[in-house]
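> Sharing a model that was predicted from the sequence below.
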Amino acid sequence: MAPMGIRLSPLGVAVFCLLGLGVLYHLYSGFLAGRFSLFGLGSEPGGAAAAPVAVADGGTVDLREMLAVSVLAAVRGGDEVRRVRESNVLEEKSKGKTREGADDKMTSGDVLSNRKMYYLLKTAFPNVQINTEEHVDATDQEVILWDHKIPEDILKEIATPKEVPAESVTVWIDPLDATQEYTEDLRKYVTTMVCVAVNGKPVLGVIHKPFSEYTAWAMVDGGSNVKARTAYNEKTPRIVVSRSHSGMVKQVALQTFGNQTTIIPAGGAGYKVLALLDVPDKSQEKADLYIHVTYIKKWDICAGNAILKALGGHMTTLSGEEISYTGSDGIEGGLLASIRMNHQALVRKLPDLEKTGH
Ligand SMILES: Nc1ncnc2c1ncn2[C@@H]1O[C@H](COP(=O)(O)O)[C@@H](OP(=O)(O)O)[C@H]1O
Ligand SMILES: [Mg+2]
């Protein structure tokens with residue numbers, strides 16, 4: 001008899017040890033399987049195995065993977081936009097009026113693109129907050145699986161994964177920017193956009209032109225497939241402005257920069273941001289500044305803001321405030337977007353819109 005009345009049987013000890021080993025093996029192989037399903041077999045060059053998987057409430061997400069899925073979503077949404085336009089069955093409706101009394105339009109291009117883009121992102125990243133322009137019909141779900149492949153151009157620019165807590169992320173989807181122009185068959189203005197904000201700051205943006213199949217993407221402190229032009233005219237800038245929600249923008253621009261300034265009316269906030277960059281697409285006009293004075297929604301501007309920021313440019317309200325991409329859907333203070341210019345000097349030059357009543 002052993003002391004305390006416990007007798008250890010050699011067979012019992014052996015069984016216990018074997019069981020322990022089995023439990024350890026199970027846990028370890030589950031961990032490995034989790035890693036591979038997270039990063040996609042074979043697509044990860046080295047960095048993934050070293051990156052720890054943090055276990056926060058909603059877990060973490062890798063921004064590089066989010067970029068890959070965002071590009072895919074913008075392209076797939078764009079395919080729907082093009083297909084509907086080419087079918088000529090737009091089923092155009094008005095969702096109501098903007099504050100200025102214009103029709104806030106929606107077509108089946110918006111709805112079908114929204115569905116594709118939303119479910120692609122939601123299926124790949126179930127724990128992140130996604131805000132989309134159009135209503136998502138929960139009874140019409142579509143499970144679209146991402147194949148976990150990160151495209152080569154992204155891997156080339158962004159060498160390692162970038163993990164952030166899922167709860168810090170807000171995704172903004174614009175399934176069809178320039179809907180007004182889409183209904184007028186002005187195809188060059190149309191884009192699909194995805195933006196990822198972390199703690200309200202825009203960190204990655206994708207702007208895709210479905211009719212010329214051009215895609216621009218950028219990640220702040222990451223990389224991009226698009227760049228700024230080499231020169232901009234700060235003194236008498238060419239200013240790109242809205243053609244269908246313009247408000248008093250022309251007066252504001254001419255008053256600030258003089259009558260020599262060229263105003264370029266154009267549709268779509270995505271198109272107008274691309275006008276500031278070095279974009280190879282032939283249908284793209286070029287401008288030095290983008291100004292907007294009426295109310296605008298965050299899904300219209302977040303992707304452009306992220307891309308400009310990643311390339312060293314700025315998008316702020318007209319009084320120079322940064323825009324936070326959490327909370328409410330819209331912003332009141334207008335927009336000023338510039339790159340390779342003294343943005344704060346431009347803000348000081350603009351009239352105080354509240355005082356002038358624009
Ligand atoms: N005053 C306003 N109220 C609501 N939406 C506005 C707006 N001004 C611009 N927008 C939206 O911002 C996008 C770019 O506008 P614009 O082409 O006039 O520059 C368009 O998005 P959608 O086409 O996605 O609806 C447009 O509807
Ligand atoms: Mg839209």
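Sure thing, it's come through. Numbering: from 1, shown residues only. Ligands and ions are numbered 1, 2, ... in the order given.

> rest of the way, CA atoms for contacts and neighbours
Will do.

> Next to ligand 1, which bits of this protein? Give me the list.
The chain comes close to ligand 1 at residues 98, 176-180, 242-245, 267-269, 294-296, 300, as judged by C-alpha under 6 Å from any ligand atom.

> 5 Å - rerun?
Taking C-alpha under 5 Å from any ligand atom as the test, the list of the chain residues beside ligand 1 reads 98, 177-179, 242, 244-245, 267-269, 294-296.

> among those residues, which are within reach of ligand 2?
D177 (C-alpha under 5 Å from the ion).

> So which of the residues of the chain next to ligand 1 are in strands?
Counting by DSSP state E, the part of these found in strands is D177, S242, I296.

> E100 and T230, how far apart?
Distance from E100 to T230, counting by C-alpha to C-alpha, to the nearest Å: 37 Å.

> Was I right to think V203 contacts W172?
No: checked against C-alpha atoms under 8 Å, the pair V203 and W172 is beyond contact range at 11.5 Å.

> which one of these two has more residues nearby?
Per other C-alpha atoms under 10 Å, whichever of V203 and W172 has more neighbours is W172, with 28 against 25.

> got the contact list for the strand or helix carrying the more buried one?
Assessed by DSSP states H and E, W172 sits inside strand 169-177. Under the criterion C-alpha atoms under 8 Å, 6 or more residues apart in numbering, residues 74, 77-78, 81, 109-111, 113-114, 117-118, 128-134, 189-200, 268-270, 298-300, 302-303, 325-326 lie in contact with strand 169-177.

> Please list only the buried members of the residues you listed.
Taking 16 or more other C-alpha atoms under 10 Å as the criterion, what is buried in the contacts of strand 169-177 is 74, 77-78, 81, 109-111, 113-114, 117-118, 128-134, 189-198, 200, 268-270, 298-300, 302-303, 325-326.

> What about A228, how many residues nearby?
Counted with other C-alpha under 10 Å, residues neighbouring A228 total 17.

> I figured it hits L276, correct?
Yes: the pair A228 / L276 is scored as a contact, 7.3 Å apart, by C-alpha under 8 Å.

> shared neighbours of these two, anything?
The contact sets of A228 and L276 overlap at I339 (C-alpha under 8 Å, 6+ apart).

> List the contacts of the residue in the stretch 201-350 of the chain that ligand 2 sits nearest to.
The nearest approach of the stretch 201-350 of the chain to ligand 2 comes at D300, 6.9 Å away (C-alpha to the ion). By C-alpha under 8 Å, 6+ apart, the residues touching D300 are D174, D177, M193, G268, A269, G270.

> On the pLDDT front, check the fifth one for me.
At A269, the model reports a pLDDT of 98.

> show me the contacts for it.
Applying C-alpha under 8 Å, 6+ apart, one finds that A269 lies in contact with D177, A178, S242, D300, I301, G304.

> A73 reaches K122, doesn't it?
No: using C-alpha under 8 Å, A73 is not in contact with K122, being 10.5 Å away.

> Between the two, which is the more surrounded one?
Ranked by neighbour count (other C-alpha under 10 Å), A73 and K122 place A73 first, with 28 against 18.

> So which bits of this protein are right by ligand 2?
Counting by C-alpha under 5 Å from the ion, the chain comes close to ligand 2 at D174, L176, D177.
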